[in-house]
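# Sequence and computational prediction follow.
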Amino acid sequence: MVEMITIGNVLLYASFVVGMLSSIAILLYEFMGIDFSKYLSWALRLAACLLSSSMLLLIYYFVSSDFSVFSVWRYSSVELPLIYKISAVWAGQEGTYLLWAWAVFLFIWWTSEKRGWDSPLIRRTLFVALLVGNLLLVLTLMISPFKSIFDLASPQVAHVPLEGYGLNPVYTDPLFAFHPPVVFIAYAALTIPFSAALVYQVTREAGWEQLSRQWCRISWLFLTLGMGLGGLWAYKLIDWGGYWNWDPVLSATIIVWLSLTATLHALPRFRVRGEFPVAAPLLTMFTFILCIYTTYVTRSGVIPSLHGFEETVMPTRYLLVVTMLLAAIITIALGVKAGMQERKRVVPLISATNMFYLTIVLLYLLVIVSFWGISSPMFLEFVTGMKISIAKEFFNVWSYPFMVPLVILLGVCVMYGRVERKLLMWAVVLVVSVSSIGLAFVTPTIEYMLVDPTGEFYLYSSSLVRALGSASLLSYVPVFLFATGAIIFRFMKDIKAARERTVLVKLSGVHLIHLGVTLIVLGAILSTSFGTTTTVTYRLDEIGKMKDVGSLGIKLVDFEISPDLMEPVQTASVHLYENGALRCIGAATFWEDRQYGAITNIMLDRGGLSDVHVIFQGIRPRRGDVTIPLTIKVMPFINVLWGGMVLFLMGICFILASEYAMEKRRGK
């Protein structure tokens with residue numbers, strides 16, 4: 001059947017044609033000396049305008065509930081509020097690929113306007129970036145968000161529906177409106193560094209790091225913000241297990257973040273001292289390849305995930321896989337070639353260079369843990385046909401042994417050069433390592449153990465895994481104190497030594513990032529390991545009675561079922577007490593959605609020292625169920641984690657602002 005021609009698809013095809021013509025013009029500029037720079041600037045402006053028009057047109061279709069467009073019908077409905085109609089644009093694969101391609105072309109256009117066409121490095125970088133952008137346009141066209149409902153609906157429809165299928169209720173949250181765009185902006189920002197690093201690997205042209213640096217930081221900012229927004233969103237969804245549960249989608253995102261963090265540790269050393277001539281561009285390229293891998297995992301539907309995206313059509317899946325493999329092969333081949341040509345440098349064993357090397361190695365060991373955890377089930381199913389799942393305890397067991405030395409190393413790097421080397425080494429060996437290892441064997445209760453010893457994962461694991469899982473979380477205490485103390489000590493020294501405001505702002509940003517890391521790890525340990533979950537049940541004649549849950553008290557004051565026969569909403573109104581005093585008043589709701597099944601809206605009370613979730617997962621009156629179950633989940637010290645995230649984001653913003661000020665001053 002011939003597909004209907006739509007305005008949106010015409011805009012996409014026109015963008016692709018302009019992008020390809022721009023690529024050809026750059027090739028002619030490079031190999032034949034034909035100066036197309038004037039036309040190239042206008043071509044990229046046109047491509048950016050065409051894709052912006054495509055994006056605005058798709059948003060218009062969703063806002064106006066135009067159900068003749070299949071993606072609008074699939075993810076939206078008439079009664080959706082405006083903000084959720086807009087966020088429904090990226091609820092499926094179609095809209096996210098368009099969003100990604102649009103952001104890439106905007107960044108290409110911005111780079112061309114700012115840098116011009118005189119530099120061969122810029123021309124070649126934009127050529128590679130255009131190839132990436134055109135590839136994303138091909139992916140977008142293969143599952144176009146503008147396809148007509150008459151082409152895709154099954155069974156076929158004779159007229160435009162009056163109502164859409166609707167948006168999954170878990171996506172009807174303001175945080176979802178920002179989470180996916182922020183993440184894909186981060187992915188798009190990595191296109192320029194990837195392209196510049198590839199050009200450097202082939203031509204060895206100088207200046208690629210300067211071109212890549214700010215883009216990597218911008219990507220780091222948006223990726224961190226995206227993960228934070230996603231964590232806050234998932235935190236309110238009981239079915240998604242809290243802010244982090246090692247779901248494949250979450251694990252895939254942390255892979256990119258860890259790789260990007262490693263890259264940002266290599267780039268400054270390359271710029272200042274010429275170190276990491278092989279590792280710096282390789283890490284930059286691999287980070288972008290991992291973005292493609294992450295998209296394959298998160299948006300193709302090949303790996304079961306709580307995010308629940310539909311499976312990608314086979315041609316699109318094959319194109320993603322081929323692109324990943326080809327990019328990985330090229331990256332490895334260029335890295336091997338550069339490694340063979342690199343002059344070996346002899347550096348002292350205890351040196352800043354080796355500390356950065358070790359930091360990168362530890363970060364990539366964490367990458368390997370997450371990569372193996374989400375990829376091994378997929379590979380095993382492909383080879384044997386067997387379906388397995390990796391327990392979240394696997395990630396905790398194998399990440400913790402690398403996370404602890406990473407935080408120790410953070411403190412060492414911060415102190416290096418500020419105190420005597422022998423004193424620093426003795427502090428690490430005696431105060432940190434010995435005390436941390438000693439405390440690893442101190443487990444007052446099972447809550448202090450890395451893994452629950454009564455769980456299936458622990459009971460059926462190997463001796464090595466059980467030994468690692470038995471480690472006490474108290475082992476992080478001296479590590480946290482050492483790293484935090486080192487950061488504060490160095491911060492005070494830098495305040496006294498810095499003579500320029502921009503330098504002080506940048507150094508403050510670095511210290512805020514490091515402090516944020518230590519707090520995020522501490523908050524994650526405290527909130528997940530020492531949280532409690534208790535379930536109480538109420539009979540109908542017990543409504544109004546308070547029941548004790550540790551230091552908390554809960555009173556079910558009302559219970560009602562809405563009269564809607566199709567989707568009755570059950571509401572449990574609750575008073576929550578702490579130490580005998582009223583803490584909060586709220587309600588938890590439950591209903592069975594016709595399209596998406598059971599939906600739970602929890603009652604969440606945020607406190608200074610702990611948050612409390614009250615979860616109501618419904619009753620089944622038709623089955624004779626007359627008891628009302630309420631689950632009370634306490635998350636202690638969760639604000640330590642959120643505070644660490646805020647400090648981390650502030651630190652990146654400080655660095656970006658200081659770099660911008662320095663660049664502006666150099667331009668004058």
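Right, received. Where do you want to start?
# and Arg665, how many residues sit next to it?
Using other Cβ atoms under 10 Å, Arg665 has 10 other residues around it. Just so you know, the C-beta spots here come from the backbone N, C-alpha and C atoms, and that holds for glycine as well.
# any idea how far Glu659 is from it?
Arg665 is 11 Å from Glu659, where distance means Cβ to Cβ, to the nearest Å.
# Check Ser351 too.
Applying Cβ to Cβ, the value for Ser351 to Glu659 is 26 Å.
# quick one: which of the two has more around it?
Counted by other Cβ under 10 Å, Ser351 and Glu659 do not tie: Glu659 has more neighbours, with 17 against 12.
# Once you drop chain neighbours, what's closest to the more buried one?
In space, and not counting its chain neighbours, Glu659 is closest to Gln214: 6.2 Å by Cβ to Cβ, 6 or more residues apart in numbering.
# One more: Leu130?
Leaving aside its sequence neighbours, Leu130 sits nearest to Ser23 (Cβ to Cβ, 6+ apart; 4.7 Å).
# same question, Phe127
Of all residues not flanking Phe127 in the chain, Ile26 sits nearest, at 4.4 Å (Cβ to Cβ, 6+ apart).
# For the one you found, give me its contacts.
Contacts for Ile26 (Cβ atoms under 8 Å, 6 or more residues apart in numbering) come out as 36, 40, 123-124, 126-127, 130.
# most surrounded residue in these?
Using other Cβ under 10 Å as the neighbour test, these are led by Leu130, with 29 neighbours.
# hang on, that one packs against Thr111?
No. Using Cβ atoms under 8 Å, Leu130 is not in contact with Thr111; the gap is 10.9 Å.
# my guess is Phe489 is in a helix, correct?
Yes. Judged by DSSP: H, G, I helix; E, B strand; the rest coil, Phe489 forms part of a helix.
# Regarding this protein, what is its longest strand?
Ranked by residue count and defined by DSSP state E, the top strand of the chain is strand 581-593.
# quick one: buried residues of that one?
Buried residues in strand 581-593, defined by neighbour count with 16 or more other Cβ atoms under 10 Å: 584, 587-591.
# Could you spell out the sheet neighbours of the very next helix or strand once past that strand, each with its direction?
Using DSSP states H and E, the helix or strand that follows strand 581-593 in sequence is strand 597-601. When pairing is defined by DSSP bridges, strand 597-601 lines up against strand 581-593 (antiparallel).
# And the partner strand, how far out from the chain middle?
Counting by Cα atoms, centre = their mean, to the nearest Å, strand 581-593 is centred 30 Å from the centre of its parent chain.
# now do stretch 487-499
Distance, stretch centre to chain centre, for stretch 487-499: 32 Å (Cα atoms, centre = their mean).
# For that stretch, C-alpha coordinates in PDB please.
Only the C-alpha atoms of stretch 487-499 are listed here, as PDB (Å, rounded to 0.1, in the frame of the first residue of the first chain):
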ATOM      1  CA  ILE A 487      37.300  18.800  49.500                       C
ATOM      2  CA  ILE A 488      36.600  21.400  52.200                       C
ATOM      3  CA  PHE A 489      40.300  21.700  53.100                       C
ATOM      4  CA  ARG A 490      41.200  22.300  49.400                       C
ATOM      5  CA  PHE A 491      38.300  24.600  48.900                       C
ATOM      6  CA  MET A 492      39.500  26.900  51.800                       C
ATOM      7  CA  LYS A 493      43.000  26.800  50.400                       C
ATOM      8  CA  ASP A 494      41.800  27.800  46.900                       C
ATOM      9  CA  ILE A 495      39.700  30.700  48.200                       C
ATOM     10  CA  LYS A 496      42.800  32.200  49.800                       C
ATOM     11  CA  ALA A 497      45.000  31.500  46.800                       C
ATOM     12  CA  ALA A 498      42.700  32.500  43.900                       C
ATOM     13  CA  ARG A 499      43.300  36.000  42.600                       C
END
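# what does it rub up against?
Around stretch 487-499, the neighbours that count as contacts under Cβ under 8 Å, 6+ apart are 410-411, 414-415, 418, 504, 507-508, 511, 514-515, 518.
# Also stretch 458-468?
Against stretch 458-468 from outside (Cβ under 8 Å, 6+ apart): 393, 397-398, 400-401, 450-453, 469.
# Show me which positions of that stretch end up buried.
Neighbour-count burial for stretch 458-468 [16+ other Cβ under 10 Å]: 458, 461, 465-466, 468.
# What of stretch 399-414?
399-400, 402-414.
# hang on, Ala88 packs against Tyr165?
No. Judged on Cβ under 8 Å, Ala88 makes no contact with Tyr165 at a distance of 10.5 Å.
# The helix or strand encompassing Gly231 packs against which elements?
Using DSSP H and E, the element containing Gly231 is helix 208-235. Judged by 3 or more Cβ pairs under 8 Å, 6 or more residues apart in numbering; DSSP states H and E, the packing partners of helix 208-235 are helix 93-115, helix 120-142, helix 174-189, helix 191-203, helix 248-273, helix 279-299, helix 638-667.
# Low-confidence bits of the stretch 401-550 of the chain, can you list those?
For the stretch 401-550 of the chain, the stretches with pLDDT under 70 are 430-431.
# For Tyr293, see how far away Ser562 is.
45 Å.
# now Gln617
For Gln617, the distance to Tyr293 (Cβ to Cβ) stands at 35 Å.
# more neighbours, these two?
Per other Cβ under 10 Å, whichever of Gln617 and Tyr293 has more neighbours is Tyr293, with 23 against 16.
# That one contacts Ala252, correct?
Yes. Taking Cβ under 8 Å as the definition, Tyr293 is a contact partner of Ala252 at 7.0 Å.
# okay, and the common contacts of those two?
The contact sets of Tyr293 and Ala252 do not overlap (Cβ under 8 Å, 6+ apart).
# before we move on, the earlier item: let me have the contacts of stretch 458-468 in CSV, extended by secondary structure and distance to Phe530.
Formatted as CSV, the contacts of stretch 458-468 follow (DSSP: H, G, I helix; E, B strand; the rest coil; distance: Cβ to Cβ, whole Å):
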residue, secondary structure, distance to Phe530
Glu393, helix, 17
Val397, helix, 18
Trp398, helix, 22
Tyr400, helix, 16
Pro401, helix, 21
Leu450, coil, 13
Val451, coil, 14
Asp452, coil, 13
Pro453, coil, 16
Gly469, helix, 17
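# So what's the residue count around the residue nearest to Leu130?
By other Cβ under 10 Å, 20 other residues sit near Ser23.
# just how off-centre is the host helix or strand of Ser15 within its chain?
In this assignment (DSSP H and E), Ser15 forms part of helix 7-32. Relative to the mean C-alpha coordinate of its chain, helix 7-32 is positioned 31 Å out (Cα atoms, centre = their mean).
# repeat for stretch 219-232
The chain centre lies 6 Å from the centre of stretch 219-232; the measure is Cα atoms, centre = their mean.
# Mind pulling up the pLDDT for the residue nearest to Phe127?
For Ile26, the pLDDT comes out at 92.
# got it, and the one 5 residues further on?
On the pLDDT scale, Phe31 is placed at 80.
# Could you do the one 5 residues further on as well?
Reported pLDDT at Phe36 in the predicted model: 78.
# Backbone dihedrals for it, please?
Dihedral angles phi and psi of Phe36 (degrees, to the nearest 10) take the values phi -100, psi 20.
# now swap in Leu409 and tell me
Phi and psi for Leu409, reported as degrees, to the nearest 10, are phi -60, psi -30.
# what's the closest non-adjacent residue to Thr627?
In space, and not counting its chain neighbours, Thr627 is closest to Thr537: 4.6 Å by Cβ to Cβ, 6+ apart.
# Check Arg74 too.
Among residues not flanking Arg74 along the chain, Tyr165 sits closest, at 5.4 Å (Cβ to Cβ, 6+ apart).
# does the one you found sit in a helix or strand, and which one?
When elements are assigned from DSSP H and E, Tyr165 belongs to no helix and no strand.
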